[in-house]
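**Q** Using only what follows, build the 3D model:
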Amino acid sequence: METCLNKPGLALICVMFFSGGCASTPETGNDAIAAKVSDNSMDILFATEFPVASEDDALTRADQATQEGEIDKALFYLVRALQFRPDNVPLLLRIGEIQLLKQNSNFAKRAFLLAQHYDPDNSAALEGVGLIYVSEGRDEQAIHNLTRAVAIDASLWRSHNVLGVYADKAGDYAAAQRHYERALAVNPGAAHVLNNFGYSRYLAGDVDGAIRYLLEAANDRGFFKAWANLGKIYAEEGRYREAIRTYRLVMSEAAALNNAGFAAIENGDLTEAERYISEAIRLSPTYFPSAQDNLLLLQELQGGGKNDAT
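**A** Alright, predicted model coming up:
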């Protein structure tokens, strides 16, 4: 989870039928398990494929498809393998990860929940379900699952990253940074973790540390959202020219000026605010209502439009 923080105050498979003497996937109650983790589009897509003879046959074909970069075909064969042994937890986890990759969160969630049913303390299943709960906005369930996951396996860096975000939102910056440190110890190149760690440093009052981690995320790892966070920090710190230059890397000049102007208003730097917001409106007079709104706010603060600093 990428997550860019704001400063507070902040997935029924239809069994294929084949005529003739070929071996076929068993049609049993296990089909209902497989039906929970994929849909019948795979059957339609791979209708010309030969039926599998065994679980091992299905897994071999799935591995070959994966090596060839054919993720949909790999998923098709993994589901076929599951019909032979629906309590195969590693297989369920593999299906869940592929469904997540395909952004089929409903099917992914079912696969992870089935894995958890067969192995309640499986850390990967707990993490998979927890990450989906995050996307669903079910924060309490997400925190519960992810906390259990890292207690079982401390190397689950994705869980640590998300738990760090939740800790930041709760204002517990020390706990958040411990989670980010553990995530980076496992995956030092995770740009979104570096981004979150940097902004967490800023929330905790460590401006220099924040800039260092955000620059690494943006400049070294190419994580563009970190530029926006860095620009926000520069602006809030009154470093408006640096903020505008940084914002310009990820947005238009008008937007950069407007953002800097709004920060200047919040900082009480009304002269700078008027200059930046007026220039934003000049550059984009028709399509920039946000700058107009900020100008009205500035005029109210100035007591009717005259800048008391001039």
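**Q** Next one: residue 288 relative to residue 266, how far apart?
**A** Residue 288 sits 19 Å away from residue 266, taking CB to CB, to the nearest Å as the criterion. The way it works is simple: take the backbone N, C-alpha and C, and place the C-beta from them, glycine included.
**Q** which one of those two has more residues nearby?
**A** Shown here are residue 288 and residue 266; by other CB atoms under 10 Å, residue 288 has more neighbours (20 against 12).
**Q** okay, that one: pLDDT?
**A** If you check residue 288, the pLDDT there is 73.
**Q** same deal with residue 45?
**A** On the pLDDT scale, residue 45 gets 58.
**Q** same question, residue 50
**A** The model's pLDDT for residue 50 equals 68.
**Q** what does the one 4 residues further on give?
**A** At residue 54, the predicted lDDT confidence score is 94.
**Q** same check, this time on residue 29
**A** 49.
**Q** quick one, helices of the stretch 1-150 of the chain?
**A** Assignment of helices within the stretch 1-150 of the chain using DSSP state H, counting those that start in this stretch yields the ranges 30-35, 41-45, 55-67, 71-82, 89-101, 105-118, 123-136, 139-152.
**Q** just flag whichever of these has the lowest average confidence.
**A** helix 41-45 (a mean of 58).
**Q** Just put the helices of the stretch 1-150 of the chain in CSV and tack on distance to residue 275 and mean neighbour count.
**A** Formatted as CSV, the helices of the stretch 1-150 of the chain follow (distance: least, CB to CB, whole Å; neighbours: other CB atoms under 10 Å):
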stretch, distance to residue 275, mean neighbour count
helix 30-35, 63, 18
helix 41-45, 57, 15
helix 55-67, 57, 17
helix 71-82, 52, 23
helix 89-101, 47, 21
helix 105-118, 46, 21
helix 123-136, 41, 22
helix 139-152, 41, 18
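**Q** To residue 231, which of those helices lies closest?
**A** helix 123-136 (26.2 Å; CB to CB).
**Q** Rebuild the helices of the stretch 1-150 of the chain as a markdown table, extending it with distance to residue 222.
**A** Converted to a markdown table, those look like this (distance: least, CB to CB, whole Å):
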| stretch | distance to residue 222 |
| --- | --- |
| helix 30-35 | 39 |
| helix 41-45 | 34 |
| helix 55-67 | 27 |
| helix 71-82 | 24 |
| helix 89-101 | 21 |
| helix 105-118 | 26 |
| helix 123-136 | 23 |
| helix 139-152 | 27 |
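**Q** Of all those, which one comes closest to residue 225?
**A** If we rank the helices of the stretch 1-150 of the chain by CB to CB, the stretch that ends up nearest is helix 123-136, at 17.2 Å.
**Q** This completes my enquiry, with thanks.
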